[in-house]
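K.L.:
coordinates only, sequence not included:
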């Protein structure tokens, strides 16, 4: 066993874990933050994407111990109380999901995309940047629209609802 | 994944001591190859030595005529580095198309070079640019480093600390990606430095990364894609699997080499 400490969604957590524990297992099974999903478990699909020290990473391919001392943000940490994060609101407005399984990873990747590249994203950029996130339902069109709108809203542009209409 | 003991050294010296002492130990860099391999139970080290706390191994700097990249530097850092963009844009462009954004945020140059996956991108860059790989014990030229599929000149207890790339006059990389894995079905890195021309091929060879000497010879007459017109790699040297047969890979090597030369001469 090994002691791991990190900050998850602004809250300090410490636990005694098996060194094998993946970050995604730690989040889901120890902290009961089940918004982060396990899809392929082989770092292809992106359902497990969280932010670690500000960068989007695949939590299924990161040991919890590698995140020792890190600041981790999960999908549960995006909303401000009852107010959805602009990217979450954009996914709702544009119906950027069907079954919803990939959505937390999509949104975490999209927020990271805006943090790195800014709010004015071309469709081509969005599609290229989403290549590590797989959706088996939507055909991606509404996801791309959602990211485009969410990105503008994050950069301080139009509110999500207005942009969607 | 089988159980292991986890160690997180805070200095290179400590890491080397742990590696020498611990039985059946593996170095953990970004973990984006090792952890999936351990999950599949294809690797089951008894001890993992995580280099994540060794900040000395992270960073990029221009040193004279070379760009020196620390072993724990991520692909994302190389792709967005002003130093690399200015000195060897082809190298930054190569780092920018490894895996996907989340993979690039964790995967490291040292891990990629040490693993020498036959379809990884960095081995081709190292070989074409004539890189020097520095370990905690010595310096190894890229020509001597990559000794076959998943095989390198690294000895027991050796840890890569940095990779130095001499700045070329022209260089570029072209890759035909497997759309699912994003690994190279064929990737070709070309570089021209003075009168020396090097062409390195990844993804396609049956024994991992290799230099394509026929293409190098052809480019010596004139460094132009036209010099490679109609050329393809030796089919008998190619890998064949469910993704592509040897004939197709040999063809792709020719196409990627021409695209790489075009990109290198266009800037």
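P.N.:
Right, received. Where do you want to start? These numbers come from a predicted model, not from an experiment.
K.L.:
Residue in chain A with the shortest distance to chain B?
P.N.:
Chain A approaches chain B most closely through residue A:132 (2.7 Å), counting by C-beta to the nearest C-beta. Every C-beta, even on glycine, is put in place using the N, C-alpha and C of the backbone.
K.L.:
quick one: contacts for residue 54?
P.N.:
Reading this off chain A. A:71, A:115 (C-beta atoms under 8 Å, 6 or more residues apart in numbering or on different chains).
K.L.:
Switch to chain B, please.
P.N.:
Contacts of residue B:54 (C-beta under 8 Å, 6+ apart): B:9, B:10, B:11, B:12, B:15, B:72.
K.L.:
let's see it at 10 Å
P.N.:
Going by C-beta atoms under 10 Å, 6 or more residues apart in numbering or on different chains, residue B:54 touches B:8-12, B:14-15, B:29, B:70-72, B:159, B:161.
K.L.:
how about residue A:135, secondary structure?
P.N.:
With DSSP: H, G, I helix; E, B strand; the rest coil as the basis, residue A:135 sits in coil.
K.L.:
Could you count how many residues lie near it?
P.N.:
A count of nearby residues for residue A:135, using other C-beta atoms under 10 Å in any protein chain shown, gives 22.
K.L.:
ok, it touching residue A:45?
P.N.:
Yes: in this structure, residue A:135 is within contact of residue A:45 by C-beta atoms under 10 Å, at 9.0 Å.
K.L.:
What is the nearest of the contacts of residue B:54 to chain A?
P.N.:
For the contacts of residue B:54, the nearest to chain A is residue B:8 (7.3 Å; C-beta to the nearest C-beta).
K.L.:
quick revisit: from what I see, the residue of chain A closest to chain B and residue A:102 are in contact.
P.N.:
No: using C-beta under 10 Å as the test, residue A:132 is too far from residue A:102 to be in contact (11.1 Å).
K.L.:
List the buried residues in the helix or strand encompassing residue B:259.
P.N.:
Assigned by DSSP states H and E, residue B:259 falls within helix B:246-266. For helix B:246-266, the neighbour count (16 or more other C-beta atoms under 10 Å in any protein chain shown) marks B:246, B:248-264 as buried.
K.L.:
Mind giving me the packing neighbours of it?
P.N.:
The helices and strands touching helix B:246-266, judged by 3 or more C-beta pairs under 10 Å, 6 or more residues apart in numbering or on different chains; DSSP states H and E, are helix B:89-96, strand B:170-177, strand B:184-193, strand B:196-202, helix B:213-221.
K.L.:
For residue A:135 and residue A:45, list the residues in contact with both.
P.N.:
Joint contacts of residue A:135 and residue A:45 (C-beta under 10 Å, 6+ apart) are A:101, A:102, A:105.
K.L.:
if I read this right, the first one contacts residue A:40, doesn't it?
P.N.:
No: no contact is recorded between residue A:101 and residue A:40 when judged using C-beta under 10 Å, the distance being 11.2 Å.
K.L.:
With neighbour numbers in mind, choose between those two.
P.N.:
residue A:101 (18 against 13).
K.L.:
ok, now how distant is the more buried one from residue A:24?
P.N.:
14 Å (C-beta to C-beta, to the nearest Å).
K.L.:
just residue B:7 next, same as before
P.N.:
From residue B:7 over to residue A:24 (counting by C-beta to C-beta), the distance is 22 Å.
K.L.:
Between the two, tell me which one has more neighbours.
P.N.:
Legend: neighbour count by other C-beta under 10 Å for residue B:7 and residue A:24, higher for residue A:24 (24 against 20).
K.L.:
interface residues of the stretch 51-200 of chain B facing chain A?
P.N.:
B:52-53, B:74, B:76, B:80, B:96-97, B:99-107, B:177, B:179-182 (C-beta under 10 Å from any C-beta of the partner chain).
K.L.:
now, which of the contacts of residue B:54 sits nearest residue A:144?
P.N.:
residue B:29 (33.2 Å; C-beta to C-beta).
K.L.:
Now the closest one. Nearest residue, chain neighbours left out?
P.N.:
residue B:111 (3.5 Å; C-beta to C-beta, 6 or more residues apart in numbering or on different chains).
K.L.:
For the one you found, grab the count of nearby residues.
P.N.:
Applying other C-beta under 10 Å, I find that residue B:111 has 26 neighbouring residues.
K.L.:
can the shared contacts of residue A:135 and residue A:45 go into CSV with extra columns for secondary structure, distance to chain B and pLDDT?
P.N.:
Formatted as CSV, those follow (DSSP: H, G, I helix; E, B strand; the rest coil; distance: C-beta to the nearest C-beta, whole Å; pLDDT from 0 to 100):
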residue, secondary structure, distance to chain B, pLDDT
A:101, coil, 17, 98
A:102, coil, 13, 98
A:105, helix, 9, 98
